[in-house]
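A.B. asks: For reference, the sequence and a predicted model appear below.
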Amino acid sequence: MIDHDIVDDVTLLTMRAGENRFNLPFVEALTAAVDDAAARAKPLVLTGEGKFFSNGLDLDWLRGEGADRAEAMFPVLYRLLAKILTFPGATVAAINGHAFGGGLIVSAVADRRVMRSDRGFFCFPEVDLGMAMSDEFDAVIQAKLPADSLLQALVSGHRYGGPEAKAAGLVHEVATEDQLVPTSVAMAAELAAKDGETIGRIKAKHFQSVVALLCPDGI
């Protein structure tokens, strides 16, 4: 479900679960992979494969039968966001395809975002689904994305291609398909010589209020 590689002293995690939608098994697998990467205290690149970076919440799974699935999954997802937000090392999201809703938010918690220039959309579809952000999600995106561009993206549900997302300040760089991961790895590797634990402490302090909302009982 999550492939783990080391490239130029950078941990590369590749999500390989189709649309990479967030249900409890997927979130737990990604959390375990991030924890393994954090043990190295070296830079991290997170990407997907094919058409999707992540298509967000798995609404079919959340509406399934059994115990309250949302109650079980969201605390785990919020903890994952906090772990990436305070990761002990530089982090880059290599957005290989569509990043919608929750998938966009997972890319946002990375320190930097590189989006494929010729394919995929960056979008908050909630306005067209009659949904509003949870307090936790809202705190993350307000902390990580430029205010005016964020508001326009939220109220419009606009689908931003790579160059447009960069112009709006929603991503930092764009790259062609064959250069997306190499560009992201090179960007992360620029800080490979820095002490990862120190970077993690700096980010934990910087995002202290967001982390407290995501994980009231601690990460």
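C.D. replies: Yep, it's here.

A.B. asks: ok, residue 163 to residue 120 distance?
C.D. replies: Using CB to CB, to the nearest Å, we find residue 163 at a distance of 12 Å from residue 120. All C-beta spots, glycine's among them, are computed from the backbone N, C-alpha and C.

A.B. asks: With neighbour numbers in mind, choose between the two.
C.D. replies: The neighbour comparison of residue 163 against residue 120 (other CB atoms under 10 Å) goes to residue 120, with 25 against 13.

A.B. asks: wouldn't that one be in contact with residue 49 here?
C.D. replies: No - judged on CB atoms under 8 Å, residue 120 makes no contact with residue 49 at a distance of 11.9 Å.

A.B. asks: what touches both of the two?
C.D. replies: Common contact partners of residue 120 and residue 49 (CB atoms under 8 Å, 6 or more residues apart in numbering): residue 96.

A.B. asks: which other residues reach the longest helix seen in the chain?
C.D. replies: Ordering each helix of the chain by length in residues (DSSP state H) puts helix 69-85 first. Helix 69-85 is contacted from outside by 22-24, 27-28, 30-31, 34-35, 38, 44, 46, 61-63, 91, 102, 105-106, 109-110, 134, 136, 140, 203, 207, 210-211, 214-215, 219, using CB under 8 Å, 6+ apart.

A.B. asks: can you map out the strands along the protein?
C.D. replies: Per DSSP state E, the chain carries strands over the ranges 2-7, 10-15, 44-47, 52-54, 91-95, 98-100, 112-116, 122-123, 173-175.

A.B. asks: Determine which stretch of those is the most buried.
C.D. replies: strand 91-95 (a mean of 29; mean count of other CB atoms under 10 Å).

A.B. asks: Dump that one to PDB, restricted to CA.
C.D. replies: C-alpha atoms of strand 91-95 as PDB (Å, rounded to 0.1, in the frame of the first residue of the first chain):
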ATOM      1  CA  THR A  91       9.200  17.400   3.900                       C
ATOM      2  CA  VAL A  92       8.100  17.700   0.300                       C
ATOM      3  CA  ALA A  93       4.800  16.600  -1.300                       C
ATOM      4  CA  ALA A  94       5.300  15.500  -4.900                       C
ATOM      5  CA  ILE A  95       1.800  15.900  -6.200                       C
END
